[in-house]
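S.K.: Below: sequence and its predicted model.
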Amino acid sequence: MPEAPADTEARRAVAPVRVYPGPPPEAPRLTLGEPIETIRVPPRDARAIRVPAGHVLRILSVEGPQVGDLNLFAAGDLSERFFSGKTRALHGTHVTTGDALWSCLPYLRPMAQIVGDSLDWYGTDAWGCRVHDVIGTRCDPYTAKLLSGVDYHRCCHSNLTRALSEATGLPPLEAETHVHDVLNVFMCTGFDPEGRYIMKASPVRPGDHLDLLARIDLLAVLSTCPGGDCSAGHSSDDAPCHPLEMQVLTAEGELPAPPAPSAYDRSHGL
Ligand SMILES: [Zn+2]
């Protein structure tokens, strides 16, 4: 290890600033109607659903604790998809009511906004863990192969690939290229003191839900992670797993207008 400089403590003592300052986002006040469509996602599998702008996608826990891995696309344009990294930079490692889910460049607009989170009460626990992270990527068979040597076919990446292929008609290997880093719905995660990614049993129970207001027409794809409540591991058939439901609800009230894509002129200094 290189020798620390003489002003080590002075450098460490510099106070940080927020990378993207701003007031906490507020959710619009909405009255939600009954589900107009419901899809049940079986354990260790995925399903897709279309959510028109101005409707709410409810992800609902049923039967038992289960984590869901969510991909979002602009309906009809797979090139505009959820940007977990920028969502993390703008809102934090975990998202809750008021936070937006942003789309990738060059669009960079709020695809959805969280308007309800029954696990809002969880806050931050003694390990620094919180719920609904935009840290993890999604469990995938390539990392599983790397670490265990096993070919496992029910990772969220593969589940999302199959469901997206079925929803769009794309060949599976082409659909796979559109699968992206997820919102880890109901997952309880943080970092240990050495900065390593940690997870623990999700506090989610049947009846808990996360409500996303679609700001644009969406294609949502949800995988029920083979890790179940993600208390021990994933990428295997070891954990007890449960279904999740996706419901599309009508919404009335302070509905914001659909956002336009970023107004940046894309000249990039050329
Ligand atoms: Zn997973």
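M.R.: On my side now, so go ahead.
S.K.: Run a quick neighbour tally on the residue lying closest to Val248 once chain neighbours are set aside.
M.R.: Closest residue to Val248 in three dimensions, ignoring its sequence neighbours and counting by C-beta to C-beta, 6 or more residues apart in numbering: Glu37, at 4.4 Å. Where you see a C-beta, it was placed from the backbone N, CA and C, and this is true even at glycine. By the criterion of other C-beta atoms under 10 Å, Glu37 has 13 neighbours.
S.K.: And Ser236, by the same measure?
M.R.: 16.
S.K.: So it, which state does it fall into?
M.R.: coil (DSSP: H, G, I helix; E, B strand; the rest coil).
S.K.: same thing with Ala263?
M.R.: Ala263 ends up coil, using three-state DSSP.
S.K.: mind checking how far it is from Pro106?
M.R.: Note on Ala263: its distance to Pro106, by C-beta to C-beta, to the nearest Å, is 10 Å.
S.K.: Those two: who's more crowded?
M.R.: Per other C-beta under 10 Å, whichever of Ala263 and Pro106 has more neighbours is Pro106, with 11 against 8.
S.K.: In the stretch 101-250 of the chain, what residue spans correspond to helices?
M.R.: Using DSSP state H, counting those that start in this stretch, the helices of the stretch 101-250 of the chain run over residues 141-148, 156-168, 172-176.
S.K.: okay if I get these as a markdown table plus mean pLDDT and mean neighbour count?
M.R.: As requested, these are exported to a markdown table (pLDDT from 0 to 100; neighbours: other C-beta atoms under 10 Å):
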| stretch | mean pLDDT | mean neighbour count |
| --- | --- | --- |
| helix 141-148 | 95 | 13 |
| helix 156-168 | 98 | 23 |
| helix 172-176 | 98 | 15 |
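S.K.: Dump these into TSV; add distance to the ion as well.
M.R.: TSV is the format used below for the helices of the stretch 101-250 of the chain (distance: least, C-beta to the ion, whole Å):
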stretch	distance to the ion
helix 141-148	10
helix 156-168	3
helix 172-176	15
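S.K.: closest one to Pro110 among the ones you listed?
M.R.: Closest to Pro110 of the helices of the stretch 101-250 of the chain, according to C-beta to C-beta: helix 156-168, at 21.7 Å.
S.K.: The longest strand along the chain: which residues count as buried?
M.R.: Using DSSP state E, we find that the single longest strand of the chain is strand 30-41. Judged by neighbour count using 16 or more other C-beta atoms under 10 Å, the buried positions of strand 30-41 are Leu30, Leu32, Pro35, Val41.
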